[in-house]
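Trainee: Next comes the sequence, and after it the predicted model I'd like to discuss.
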Amino acid sequence: MRKYLLIGVSAFVLGAGSMAYVSQQALASAEPRAKTYKMLELFGDVLDTVERQYVTEVDDKKLIEAAIDGMLTSLDPHSGYLNPESFDDMRDQTRGEYGGLGIEVTSEDGVVKVISPMDGTPAFKAGVKAGDFITAVNGESVLGLSVNDAVKQMRGKPGEPVTLTIAREKTDPFDVKLIREVIKPKSATARLEGDYGYLRVSTFNEKTTDEAEAAIADLRAKNPKMKGLILDLRNNPGGLLDQAVGISDLFLEGGEIVSQRGRDPRDVERYNARTGDATGGLPMVVLINSGSASAAEIVAGALQDRKRAELVGLTSFGKGSVQTVIPLRGGMDGALKLTTARYYTPAGRSIQKTGIQPDLEVAETRDEAQAIANRAFQFSEASFRNALNAEEGKTRVGAHEPAEAPPESFNTTTGDFQLARAKDVLRYGSVAATPKLPKPVAKMAEVVSKLPKLPKLEPKPVAK
């Protein structure tokens, strides 16, 4: 059984027909195929040379796996090779239980970068943040390692200590000590916020829709006169496509949720909602920020386009591509995680690189408002050098002063300003009717590198 990640998409099969005659097209294709065979021969020559002449003995299997992964990651940041162990880890994660620290990571220029810490996990409690770079694990550098290899070092038996070395903007590198736990986060949790329900969805695993549906039922049982619902998708890194569809379906009475389109223009698959709204049609606001990615963006885009909810927060991450996990020999040789399609919101929008813009832009803190005014501090899909291109003519919003930020009188340590503004939108009935706050004044900040200085190297004679 294949898992589809948004990470998620329906499976496809590549087939090849046979021909009873040799056509001009077949002759024309012989030359590029010959070039491919020549390059494969080159690969064999390089592997042979490394085996015989590298300074220490090498592991052929690791070399070939690294080559396969390098080929796939050169396509885009979200494609890659999962060896059998990593494939098992991925399946554990999508099932909603595994051992580790609770961090969603990716690779950027050979450095492990945090997409988002998961709620309630050791990483979350230790203050690891989206955009942090992990440079070492237990004192051993992970620079240049693949994401899979770096993750292996972070995972292990519960109860074991792990020390991460973190590099963060505008700070010196520092160590964070954590204890591994069984990562079994509840992907959907809920509570009452006065007259309103609050539903937090932190990821999309196999249990998310069921957990969310049960949480909504519990809220309505506790307060049958609940006046509205806030769906919090901030820092949700994504997950399974069918769960993004399932969450959207909880709030829609039918119609399209999302479509995916592959290389062939005719290869279009649409996902529609069924009749029935778990909230009974209560007004909704969705909270998003730059850490809301992939499957989270599908939900936000569907509810925004279908006029089911208004969005409050910051422009989302901008991952508009779909990955298919394709097991090799039933998973015995691992699996490919391959980008096979782009997804589109019900209005036909591709949000690749650009993200979903909220109806009311609200920074969480005054420092965040300042960071938005300086584009250099933003981390999004557009940050990746080899990300899929956005639709022609579309670009992500650049440096600007956000519409709103907490006033000086608001205590951001104890309060959640974005949540407060979401409740205001529900109270007044719409973003348009909600009184706007004075626009914060943010200055273009000077970017100061905090990387440690390297010692000056004196030129030395070269032995011949």
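Mentor: Happy to help now that I have it. In this text, all values refer to a predicted model and were calculated from it rather than measured experimentally. Residues are numbered from 1 along each chain as shown.

Trainee: what comes up buried for stretch 426-434?
Mentor: 426, 431, 434 (16 or more other Cβ atoms under 10 Å). Using the backbone N, CA and C atoms, a C-beta is placed for each residue, glycine as well.

Trainee: Distance from that stretch to the middle of the chain?
Mentor: 30 Å (Cα atoms, centre = their mean, to the nearest Å).

Trainee: what residues does it touch?
Mentor: Applying Cβ atoms under 8 Å, 6 or more residues apart in numbering, the external contacts of stretch 426-434 come out as 196, 227-228, 230, 283, 285, 310, 312, 359-360, 421, 424-425, 435.

Trainee: Can you pull the poorly scored residue ranges out of the protein?
Mentor: By pLDDT under 70, the low-scoring segments of the chain are 1-30, 96-97, 185, 375-377, 442-464.

Trainee: How far off centre is the longest helix along it?
Mentor: The helix spanning the most residues in the chain, taking DSSP state H as the definition, is helix 24-53. The chain centre lies 35 Å from the centre of helix 24-53; the measure is Cα atoms, centre = their mean.

Trainee: now the strands for the stretch 51-200 of the chain?
Mentor: Assigned by DSSP state E, counting those that start in this stretch, the stretch 51-200 of the chain shows strands spanning 80-82, 98-100, 103-108, 111-117, 133-137, 140-141, 161-167, 174-179, 181-183, 188-193, 196-201.

Trainee: Figure out which of these is closest to residue 338.
Mentor: Residue 338 lies closest to strand 80-82 among those, at 8.5 Å (Cβ to Cβ).

Trainee: elements contacting that closest one?
Mentor: Counting contacts by 3 or more Cβ pairs under 8 Å, 6 or more residues apart in numbering; DSSP states H and E, strand 80-82 packs against helix 60-73, helix 147-154, strand 335-344.

Trainee: again, only this time at 7 Å
Mentor: Judged by 3 or more Cβ pairs under 7 Å, 6 or more residues apart in numbering; DSSP states H and E, strand 80-82 is in contact with helix 60-73, strand 335-344.

Trainee: Sheet-wise, list the partners of it with their directions.
Mentor: Strand pairing for strand 80-82, determined by DSSP bridges: strand 335-344 (antiparallel).

Trainee: tell me what the very next helix or strand once past the partner strand is packed against?
Mentor: Scanning forward in sequence from strand 335-344 by DSSP states H and E, the next helix or strand is strand 360-361. Contacting strand 360-361 under the criterion 3+ Cβ pairs under 7 Å, 6+ apart is no other helix or strand.

Trainee: now strand 360-361, how far from the chain's geometric center?
Mentor: Centroid separation between strand 360-361 and its chain, computed with Cα atoms, centre = their mean, is 22 Å.

Trainee: re earlier: how about the longest helix of the chain: buried residues?
Mentor: Buried residues in helix 24-53 (16+ other Cβ under 10 Å): none.

Trainee: How about residues contacting stretch 164-171?
Mentor: 128-129, 132-137, 173-176, 178, 377, 448, 450 (Cβ atoms under 7 Å, 6 or more residues apart in numbering).

Trainee: no no, stretch 381-395
Mentor: With contacts defined as Cβ under 7 Å, 6+ apart, stretch 381-395 is touched by 74, 76-77, 108, 317-319, 321, 350, 352-354, 396.

Trainee: can we see that at 6 Å?
Mentor: Outside stretch 381-395, the residues within contact range by Cβ atoms under 6 Å, 6 or more residues apart in numbering are 76, 77, 317, 318, 319, 321, 350, 352, 353, 354, 396.

Trainee: so which of those comes closest to residue 62?
Mentor: Distances from residue 62 to the contacts of stretch 381-395, taken by Cβ to Cβ, are shortest for residue 77, at 22.1 Å.

Trainee: Could you tell me how many residues sit around the residue nearest to that closest one when sequence neighbours are not counted?
Mentor: Among residues not flanking residue 77 along the chain, residue 384 sits closest, at 4.4 Å (Cβ to Cβ, 6 or more residues apart in numbering). Burial measure for residue 384: 20 neighbouring residues, criterion other Cβ atoms under 10 Å.

Trainee: The one 10 residues further on now?
Mentor: One way to gauge burial is a neighbour count; for residue 394, by other Cβ under 10 Å, it gives 13.

Trainee: Mind checking which of the buried residues of stretch 426-434 land in helices?
Mentor: Per DSSP H, the buried residues of stretch 426-434 map to helices at residue 426.

Trainee: need the buried residues of stretch 426-434 in TSV with distance to residue 265, can you?
Mentor: Listed next are the buried residues of stretch 426-434 as TSV, based on distance: Cβ to Cβ, whole Å:
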residue	distance to residue 265
426	41
431	36
434	41
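
Trainee: Contacts only, for residue 317.
Mentor: 290, 293, 380, 381.

Trainee: Could you dump these into CSV with distance to residue 88 and secondary structure added?
Mentor: Shown next, in CSV, are the contacts of residue 317 (distance: Cβ to Cβ, whole Å; DSSP: H, G, I helix; E, B strand; the rest coil):
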residue, distance to residue 88, secondary structure
290, 31, coil
293, 24, coil
380, 30, coil
381, 28, helix
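
Trainee: Where does residue 330 sit: helix, strand or coil?
Mentor: Secondary structure assignment for residue 330 (DSSP: H, G, I helix; E, B strand; the rest coil): helix.

Trainee: wait, I meant residue 269
Mentor: Going by three-state DSSP: residue 269 is strand.

Trainee: Tell me if I'm right that it and residue 262 touch.
Mentor: No. In this structure residue 269 lies outside contact range of residue 262 using Cβ atoms under 6 Å: 8.4 Å.

Trainee: And the helices in the stretch 251-400 of the chain?
Mentor: 295-305, 366-372 (DSSP state H, counting those that start in this stretch).

Trainee: Mind putting those into a markdown table with distance to residue 56?
Mentor: Listed next are the helices of the stretch 251-400 of the chain as a markdown table, based on distance: least, Cβ to Cβ, whole Å:
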| stretch | distance to residue 56 |
| --- | --- |
| helix 295-305 | 43 |
| helix 366-372 | 45 |
